[in-house]
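S.K.: Give me a model of this one.
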Amino acid sequence: MTDEILIIKKFFFGTLRPKVVFLKDIRVVYFDEQTIAQRKYSHRRIWGRAHGKSIYWAADFKRCLPGIDKANKSDVIVDLEDGMLKGFTVSDVQSFLSVVRLCAPISTIIVDHLDFA
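M.R.: You can find the predicted model right below:
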């Protein structure tokens with residue numbers, strides 16, 4: 001992440017190419033700890049589009065597996081209002097959110113859960 005772009009690693013299926021997101025385009029950021037999210041949210045996936053939701057998850061083969069240490073890891077979903085939410089894993093969510101607060105538009109909404117309509 002820089003002060004202008006967010007690079008979501010291992011985003012595209014098959015090629016593992018990254019997805020580049022401009023911070024100025026982010027409208028909403030949802031986040032929750034993986035230890036909590038494991039039990040609460042059915043729309044989380046290891047990779048790809050969530051069933052019945054408009055979320056596409058970057059590859060993280062440990063995201064949904066039980067028994068793996070998920071300390072200090074969080075699931076993050078960004079909404080660019082382009083029709084497809086982008087989901088990925090962050091190791092230090094507080095540092096990530098600090099950069100988002102500094103560099104994204106002041107109107108960006110930050111939500112501390114993954115429940116959305």
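S.K.: Any stretches of the chain with poor pLDDT?
M.R.: Within the chain, the segments meeting pLDDT under 70 span 36-43, 116-117.
S.K.: same thing but 80
M.R.: Low-confidence segments of the chain (pLDDT under 80): 13-14, 35-46, 51-53, 64-71, 115-117.
S.K.: quick one, what contacts the residue nearest the centre of it?
M.R.: The chain has V76 as the residue nearest its centroid, 2.7 Å off, counting by C-alpha atoms, centre = their mean. The neighbourhood of V76, defined by C-beta atoms under 8 Å, 6 or more residues apart in numbering, consists of V29, Y30, F31, G87, F88, T89, V90, V93, F96. C-beta coordinates here come from the backbone N, C-alpha and C atoms, glycine included.
S.K.: how much space is there between the fourth one and D3?
M.R.: Think G87. When distances are taken as C-beta to C-beta, to the nearest Å, G87 and D3 turn out to be 23 Å apart.
S.K.: Look at the two and report which has more neighbours.
M.R.: In this view G87 and D3 are compared by other C-beta atoms under 10 Å, and G87 has more residues nearby, 26 against 9.
S.K.: quick one, what contacts the more buried one?
M.R.: Counting by C-beta under 8 Å, 6+ apart, G87 has contacts R44, R45, A50, I55, Y56, W57, A58, D75, V76, I77.
S.K.: In a strand, it, correct?
M.R.: Yes. The assignment for G87, made by DSSP: H, G, I helix; E, B strand; the rest coil, places it in a strand.
S.K.: Can you tell me how far it is from Q34?
M.R.: Shown here: G87 relative to Q34, a distance of 12 Å by C-beta to C-beta.
S.K.: Give the residue farthest from the middle of this structure.
M.R.: Of all residues in the chain (C-alpha atoms, centre = their mean), G67 lies farthest out, 21.3 Å.
S.K.: beta partners for the residue nearest to the centre of the chain?
M.R.: According to DSSP bridges, the residues that bridge with V76 are F31, F88.
S.K.: Against G87, how distant is G48?
M.R.: Look at G48 and G87: by C-beta to C-beta, they are 10 Å apart.
S.K.: Now for the two: what residues contact both?
M.R.: Shared contacts of G48 and G87, counting by C-beta under 8 Å, 6+ apart, come down to Y56, W57.
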